[in-house]
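need a structure here:
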Amino acid sequence: MPDDSQHSDDGVPSIRLFVEASLAGGAVIDCSASQANYLGNVMRMKTGDELLVFNGRDGEWRASVIDARKGRFALEARAQQRPQTDGPDVHYLFAPLKKARLDYMVQKATEMGAAVLQPVITRRTIAERVNSERMRANAIEAAEQCGVLRVPEVREAAKLAAVLKDWPTNRALIFADEAAKITAPLETLAAIPPGPAALLIGPEGGFDPAERETLRRMPFVHPISLGPRVMRADTAAVAALALVNAVLGDWR
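Below you'll find the model as predicted:
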């Protein structure tokens with residue numbers, strides 16, 4: 001019998017694991033070495049125990065441990081728990097932060113349903129080196145813990161000018177601008193037609209004046225105020241993503 005400590009009160013397994021393999025009834029999933037260590041040594045799972053698995057494509061599946069030998073774990077998908085659903089079509093672009101705060105920001109953006117994470121190098125960016133693998137690991141961990149079915153795509157860092165040059169004009173780009181003419185953010189967002197969107201948060205020192213002017217000239221760009229208080233970049237990310245989800249995303 002499965003260990004009740006690994007199930008919630010309604011009998012649903014409480015352990016969630018992101019896997020790369022395709023999922024369907026009877027599919028066998030071979031865990032990586034790190035996953036085997038986590039399930040076997042940390043969670044003390046054994047043959048017959050249940051957990052939830054997801055891959056961002058095939059929904060969430062109830063799975064059982066079918067092989068728990070030392071150093072190897074294999075799972076079998078039994079039944080779909082939830083069908084795949086897409087989150088909001090919102091990309092999150094940001095000037096990289098120092099390690100711990102970047103980890104936090106990636107986790108929160110994943111929880112808020114961002115589809116893409118894009119580091120953007122601006123003139124005032126301080127931490128220009130970005131560990132994409134670390135970012136993806138943090139995104140996966142956040143998705144496992146908070147119950148979302150999609151892990152955002154993590155893109156390589158790029159300079160702001162290059163990102164804007166290749167920007168798809170059908171995707172509204174909302175950027176946090178402390179000098180925005182309209183100070184009511186909901187008013188600004190309500191005027192943007194529904195459709196694909198992206199949010200851009202600048203570095204701690206704000207955008208360079210020339211960068212701000214370039215952004216404002218572009219027809220697909222929408223400056224948004226985040227109110228009278230100065231926020232740290234990681235706080236601004238959560239606040240702005242909440243506003244965008246409420247008006248243009250899947251909180252409507």
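
from Arg123, how far out is the residue nearest to Ile121 when sequence neighbours are not counted?
Among residues not flanking Ile121 along the chain, Lys159 sits closest, at 4.8 Å (Cβ to Cβ, 6 or more residues apart in numbering). From N, CA and C alone the C-beta is placed, and that goes for glycine too. Here the criterion is Cβ to Cβ, to the nearest Å. By it, Lys159 lies 9 Å from Arg123.

any stretches of the stretch 1-150 of the chain with poor pLDDT?
Counting by pLDDT under 70, the ranges of the stretch 1-150 of the chain that qualify are 1-11, 128.

now with 80?
Scanning the stretch 1-150 of the chain with the threshold set as pLDDT under 80 gives 1-11, 70-71, 99, 127-128.

can you give me the strands in it?
16-18, 28-30, 50-54, 60-67, 74-82, 90-94, 116-121 (DSSP state E, counting those that start in this stretch).

doesn't Ala191 make contact with Pro223?
No. Using Cβ atoms under 8 Å, Pro223 makes no contact with Ala191, being 11.7 Å away.

so which of the two has more stuff around it?
Neighbour tally, Pro223 and Ala191, criterion other Cβ atoms under 10 Å: the higher count belongs to Pro223, 20 against 10.

and the more buried one, what element?
strand 221-224 (DSSP states H and E).

my guess is Asp30 meets Glu76, correct?
No. Contact status for Asp30 versus Glu76: not in contact, 10.8 Å apart, counting by Cβ under 8 Å.

setting aside sequence neighbours, what's the nearest residue to the residue nearest the centre of the chain?
What sits nearest the mean C-alpha location of the chain, by Cα atoms, centre = their mean, is Thr110, with 2.3 Å. Counting by Cβ to Cβ, 6+ apart, Ala142 is the residue found nearest to Thr110 once chain neighbours are left out, at 4.0 Å.

can you check the pLDDT for the closest residue to Lys181 other than its chain neighbours?
Residue nearest to Lys181 in three dimensions, not counting chain neighbours: Pro223, with 7.4 Å by Cβ to Cβ, 6+ apart. Looking at Pro223, its pLDDT is 94.

beta-bridge partners for Pro223, please?
Taking DSSP bridges as the rule, Pro223 bridges to Phe175.

what's the spacing between it and Pro193?
17 Å.

what does Ala142 give?
Distance from Ala142 to Pro193, counting by Cβ to Cβ: 30 Å.

same check on Val42?
From Val42 over to Pro193 the distance is 47 Å, taken as Cβ to Cβ.

what's the domain layout of this structure?
4-82, 90-247 (automatic domain parsing).

the shortest one: how far from the chain's middle?
How far domain 4-82 lies from its chain's middle: 22 Å, per Cα atoms, centre = their mean, to the nearest Å.

pick the most buried one from the domains of the chain.
Of all the domains of the chain, domain 90-247 has the most neighbours on average by mean count of other Cβ atoms under 10 Å, namely a mean of 17.

right, and Gln35 touches Leu17 too?
Yes. At 6.5 Å, Gln35 and Leu17 qualify as touching, with contact defined as Cβ under 8 Å.

this structure: helices as residue ranges?
33-37, 99-111, 132-146, 160-165, 185-190, 209-217, 233-247 (DSSP state H).

tell me which of these sits nearest to Arg62.
Nearest to Arg62 among those is helix 132-146 (15.1 Å), distances taken as Cβ to Cβ.
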